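Engineer: turn this into a model:
(one chain, ligands or ions: 1)
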Amino acid sequence: MRPYGAVKGGAPYFEAVLAVVLTFLLAAPLKEAPSIVTIRARRAQELVGQLSAALSIHNQVEVAVVIQHPLVFSVEPLDAGKKRFRLSMELGFLLMLDDDELSAALAHELGHVWIFTHHPFLQTERLANSIGEQVVKRAYFERVYSKMWAYEGTSGVPIGQLLGPDRDVDQQPEQNPQ
Ligand SMILES: [Zn+2]
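Structural biologist: Model (predicted):
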């Protein structure tokens, strides 16, 4: 077990953030009832496994709960070969999400993983969402964004700039937002 706050190798630009990583071990044997944080973190790791399989992402993606994160949720490679990634989730926001919303948030981050390993110069929020939307309903992404803007106290942006066209509602061809 690593000492509290210790960070090993990789991801140099996130070390400051990871210095506040909660001591949280998915594999640790439990003697007491798990806390809600542990339960949600394990659920997130389980969903990451399912969503990765559905998206044919074979990289190892490990979930970490952090007290504070400037991006709330994020993902970054842990090695130069981009075989392993750490998906960081801010504790307060994680606890606000139900399973559907958590799936959308994780699918978005896995979208970034896919881009990292296929088209690293094309990282955009919109593309990450369009990959995530292959496996999680659009409506759940909308809910996550609403909650995140409320959580951050920001006004947000038009949802059409972040998500693809709503195919459940209209079948019209996609409009180019630019
Ligand atoms: Zn993103």
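Engineer: show me where this structure has strands.
Structural biologist: Assigned strands in the chain, in chain order: 60-66, 73-77, 84-90 (criterion: DSSP state E).
Engineer: quick one, what contacts the residue nearest to Leu127 when sequence neighbours are not counted?
Structural biologist: Excluding the flanking residues, the one nearest Leu127 by C-beta to C-beta, 6 or more residues apart in numbering is Ile115, at 6.0 Å. Heads up, the C-betas are built off the backbone N, CA and C, glycines and all. The neighbours of Ile115, taking C-beta atoms under 8 Å, 6 or more residues apart in numbering as the test, are 122-123, 127-128, 131.
Engineer: and Phe141, by the same measure?
Structural biologist: Phe141 touches 104, 107-108, 129, 132-133, 162-163, counting by C-beta under 8 Å, 6+ apart.
Engineer: so what's Gly92 closest to, chain neighbours aside?
Structural biologist: In space, Gly92 is closest to Tyr151, 7.1 Å off (C-beta to C-beta, 6+ apart).
Engineer: so that neighbour touches Val72, yeah?
Structural biologist: Yes. Between Tyr151 and Val72 there is a contact under C-beta atoms under 8 Å: 7.1 Å.
Engineer: out of those two, which sits in the busier spot?
Structural biologist: Higher neighbour count among Tyr151 and Val72: Val72, with 17 against 14, using other C-beta atoms under 10 Å.
Engineer: got the residues of the chain near the ion?
Structural biologist: Taking C-beta under 5 Å from the ion as the contact definition, the chain meets the ion at 125, 128.
Engineer: show me where pLDDT drops low in the chain?
Structural biologist: Within the chain, the segments meeting pLDDT under 70 span 1-31, 167-178.
Engineer: Arg126: neighbour count?
Structural biologist: For Arg126, using other C-beta under 10 Å, the count is 14.
Engineer: which ones are touching it?
Structural biologist: By C-beta under 8 Å, 6+ apart, the contact set of Arg126 is 161-164.
Engineer: hmm, 6 Å instead?
Structural biologist: Listed by C-beta atoms under 6 Å, 6 or more residues apart in numbering, the contact set of Arg126 reads Leu162.
Engineer: what distance do you get for it to Glu101?
Structural biologist: Taking C-beta to C-beta, to the nearest Å as the criterion, Arg126 is separated from Glu101 by 19 Å.
Engineer: same thing with Pro120?
Structural biologist: Separation of Pro120 from Glu101 (C-beta to C-beta): 27 Å.
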